[in-house]
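Participant: Here is a sequence with its predicted model. Questions after.
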2 protein chains.
Amino acid sequence: MTEPVIPEGILSLDRSSDVSLSEQIYRGFRDAVRKGLLSSGTRLPSTRRLAAMLEVGRNTVNAAYDLLQAEGIIFVRTGAAPRIMNGLPLEGMTHNRSSTARKRSLSKRGILMSDNIRGVGWAFRHGVLQPGAPALDCFPYEEWARCLRRAARLERSPDLQYQNYTGLPALRQQLSRHLAAERGVRADPEQILVTSSMQSSLSLLAQALSDHGDEAWLENPGYLGAKTAFHAAGLKIRPLPTDEDGADVAATDISKSPSKLIYVTPSHHYPLGARMPLARRLALLEAARASGAVILEDDYDSEFLFAGRPVAALYGLAEEGQVIYLGTFSKSLMPGLRVAYCVVPNDLVQPLTQLMRNMGCSANVQAQAALAHFMDSGCYQKHLKQIRQIYRSRGEQLVDTLRSRLGNRIHVEIPTGNVQVSIMFRERIDDVRLAMDLQSHGFAVSPLSNCYLGSDAKSGLIIGFAGATPPQITKGVEILGNLIEAVG
Amino acid sequence: MTEPVIPEGILSLDRSSDVSLSEQIYRGFRDAVRKGLLSSGTRLPSTRRLAAMLEVGRNTVNAAYDLLQAEGIIFVRTGAAPRIMNGLPLEGMTHNRSSTARKRSLSKRGILMSDNIRGVGWAFRHGVLQPGAPALDCFPYEEWARCLRRAARLERSPDLQYQNYTGLPALRQQLSRHLAAERGVRADPEQILVTSSMQSSLSLLAQALSDHGDEAWLENPGYLGAKTAFHAAGLKIRPLPTDEDGADVAATDISKSPSKLIYVTPSHHYPLGARMPLARRLALLEAARASGAVILEDDYDSEFLFAGRPVAALYGLAEEGQVIYLGTFSKSLMPGLRVAYCVVPNDLVQPLTQLMRNMGCSANVQAQAALAHFMDSGCYQKHLKQIRQIYRSRGEQLVDTLRSRLGNRIHVEIPTGNVQVSIMFRERIDDVRLAMDLQSHGFAVSPLSNCYLGSDAKSGLIIGFAGATPPQITKGVEILGNLIEAVG
């Protein structure tokens, strides 16, 4: 009987590869069969013979043959040479394979969900002066690392298994206390759902509380993350007018509209900074009641209202079930933590818990345990106190520098809170173009016009100050000044 | 002028509360106004007078009055008593408030997304012998804690900010090497999207690749997590027949159906354990091509195939774009890590990246950094090697114990991998009822019948062995035996 011949090149082993030699032999044969280089019934060399040919151990070849046999590619009988299995549906497939390769595409829903609606011509890149970015140069890395390590060593409960999809009980307990004391939000720990981000909270709630084609109100100008979540959920977005007191339901027909959701930022309007007075808050609640809508109160920057104590949340004024309160640790700690939360009515706790289990957007358990300890031990309050000072001083420096460089070409107010500030141009300036130009210098400011829902957008920039050091602020404003002078 | 009178009870301070005294005063007045106990124009005591009445410092009252003024609830003029603001739209609201409180409900979509489709009468509770649960008693807590601490101390890059929604580059690099070496999955790091869980991957892909009302195929019996994700996405689920070689496209009309998705577990069929031979794999790829469907290959337990080396993934056999490969760290490390991943075609990378940014289901960045280091330093391979032995021995112990206690009342095979095994009853036994009874003893086994899509469900149990110690296995089987004897 002649020795079986292995076609050239199908078993060229790479001894420096991460892939084991037996795996390489297995794949070589498998691919050769698939490509039609070895046809049904072909005899293969014995393990001894192949091991000698390839200069590998017999066990290596044995392992490869075992796998080929297990996968039904070869058959082996004692005393006979292994052969390629008969009946593999291979013939003619090789040709099809390459010719039918086609572009995979998203569904209609997938296209909605993946739309980039952050503005025409606008592609985000990370950089300095980015809105929403916290001061990572002041983050207590060592303390946080100790909390994480402690959590990872000590937390050995069933909480690490499949459960608590809506948050670790210890963290929800801490949040319940924190929100009651700081924000006037009285909620049982069970009502607080921990998610992997504010965007996740917004998406889940938009999908859970509305159907495709429903109406939702959004402040105009307003937060692009909310617009994105509503758009992805297929909602018709209606602009809620705003002025120096924030959203104004009296300026529109909101109470007559059968809308499902009203998204607002009453503590500190995004992006312009207004604080909503009580009269407006009550009118908003009344309008929501009339229209049957749930209010999503995004309290994104409650920890950073510099002027006096922050106003208590709208949530505390509302009747049960009228307001869902949303918060995040992205600005007080870091976005990479991927921990946010929402406070939901009692009768939605059970269905939303099941929904979170079904959709899978839970936060890392050890980070949650570390955070609970970080809060309980007072580190969080200490950190907040420290960065409030830093944010305030960076915000003032930014505005002072802007005013002295650009004078009355811009309108800007000293920020009363938050981690970013909006400026408006008094001249006609293409803010998207300007922001792109700044990006090319490493600055990630956002164009204000993108936050408007209609055609009457104001031109300006949203500039993050919390994460920027004084030299970065100086340099950024200098470049901004030069760019404006060049176009002005 | 008479002294203003404060109605009884509106300012009862709780000095042991977490809520500051000034906040309590603020809220007391605000709530009193809201309830109509203080009407427009009412004079309030001076700060000095109120401080004396309440036995608090004047600054405490000042802070409360500042906040009331900032929120537009009172007005203050120098030399005059503060008064409740005129024009607050309060009258008549108190009555409405309580009478219109109503139950908030989910949308039609929300109801779909929050359905519990894990079986009638079946409510999951955590416990021993839970399917899918890893051996947390063998988890390297100390090593992992060191990796986490190291990551939290050293990782100070912009990766902690808003970016890398689809995963930390270092982790994707490690995964790319790991998948090529271990699973024959050749993919650029950019093609690997890191999500917060397998359920999150399944939900996102189901929504992104199909529209409400589309068809999707699921192995019968099959994985409930996939069924949940497809159901939540509004898909019509069609049962893909299975036998001892796994899913069998020849037994149905899959290639003629215009389906969008085919979900399979070819390495180790869930829940029955078949390994799909090459002929079946090629037929499956051909049928998917004909029907235009994308295959979701769930390689959930690839790390735990005990018998020989695992078969390479289906992904490696397919043409570009035909198969999306899904993996998770829930079974090899822990569910609480909330890190899973999927490998997607090149032309879907950009839209799915934007989709993940929009939907917000990213994993914690420091856990990702720790995991990248854990893999790079060889700890992951070492851990896998160790638990593979443990899982195998626990699986064998479970089956031996089951056989010696229940003999031929059940059908069970020594597991060839995975962290759980299915047993089937030869008699008619209500497995849901039995599983509930076991739950009441602290054992979280699942009824097998819930995994079937049609009415011809087999009765049995899915029993997790990876996380169970030998005494727990002994006890669980003993109780199971008693329960079966009681009903048999």
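Facilitator: Structure received.
Participant: so what's residue A:61 up against?
Facilitator: A:22, A:25, A:47, A:50-51, A:54 (C-beta atoms under 8 Å, 6 or more residues apart in numbering or on different chains). For the C-beta atoms, the positions are set from N, CA and C on the backbone; glycine is no exception.
Participant: how does it look with 7 Å?
Facilitator: Applying C-beta atoms under 7 Å, 6 or more residues apart in numbering or on different chains to residue A:61 gives the contacts A:25, A:47, A:50-51.
Participant: need the longest helix for chain A.
Facilitator: helix A:379-406 (DSSP state H).
Participant: model confidence over it, on average?
Facilitator: Mean pLDDT, helix A:379-406: 94.
Participant: ok, now stretch A:219-237?
Facilitator: 96.
Participant: same question, stretch A:181-189
Facilitator: On average, stretch A:181-189 scores 89.
Participant: list the buried ones in it?
Facilitator: Residues A:182-185, A:187 are the ones in stretch A:181-189 that count as buried (16 or more other C-beta atoms under 10 Å in any protein chain shown).
Participant: Tell me which other helices or strands whichever helix or strand comes after the longest helix of chain A touches.
Facilitator: For helix A:379-406, the succeeding helix or strand toward the C-terminus, using DSSP states H and E, is strand A:410-411. Packed against strand A:410-411 by the contact rule (3 or more C-beta pairs under 7 Å, 6 or more residues apart in numbering or on different chains; DSSP states H and E) you find strand A:420-425.
Participant: buried ones in the helix or strand just after the strand it packs on?
Facilitator: Remark: after strand A:420-425, the chain's next helix or strand is helix A:431-440, criterion DSSP H and E. Of the residues in helix A:431-440, those buried by neighbour count under the rule 16+ other C-beta under 10 Å are A:431-432, A:434-435, A:437-439.
Participant: Could you export helix A:431-440 as PDB, CA atoms only?
Facilitator: This file holds the C-alpha atoms of helix A:431-440, laid out as PDB (Å, rounded to 0.1, in the frame of the first residue of the first chain):
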ATOM      1  CA  ASP A 431     -20.400  76.500  15.600                       C
ATOM      2  CA  VAL A 432     -20.200  72.900  14.200                       C
ATOM      3  CA  ARG A 433     -17.300  74.000  11.900                       C
ATOM      4  CA  LEU A 434     -15.600  75.800  14.800                       C
ATOM      5  CA  ALA A 435     -16.000  72.800  17.100                       C
ATOM      6  CA  MET A 436     -14.500  70.500  14.400                       C
ATOM      7  CA  ASP A 437     -11.500  73.000  14.100                       C
ATOM      8  CA  LEU A 438     -11.000  72.900  17.800                       C
ATOM      9  CA  GLN A 439     -11.100  69.100  17.800                       C
ATOM     10  CA  SER A 440      -8.200  69.100  15.400                       C
END
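Participant: pLDDT of the helix or strand that that helix is followed by, averaged?
Facilitator: Next along the chain after helix A:431-440, taking DSSP H and E as the criterion, comes strand A:446-447. Mean per-residue pLDDT for strand A:446-447: 94.
Participant: How about stretch A:80-89?
Facilitator: For stretch A:80-89, mean pLDDT rounds to 77.
Participant: now do stretch A:335-349
Facilitator: So the average pLDDT for stretch A:335-349 ends up being 96.
Participant: List the buried residues for it?
Facilitator: For stretch A:335-349, by 16+ other C-beta under 10 Å, it's A:335-345, A:348-349.
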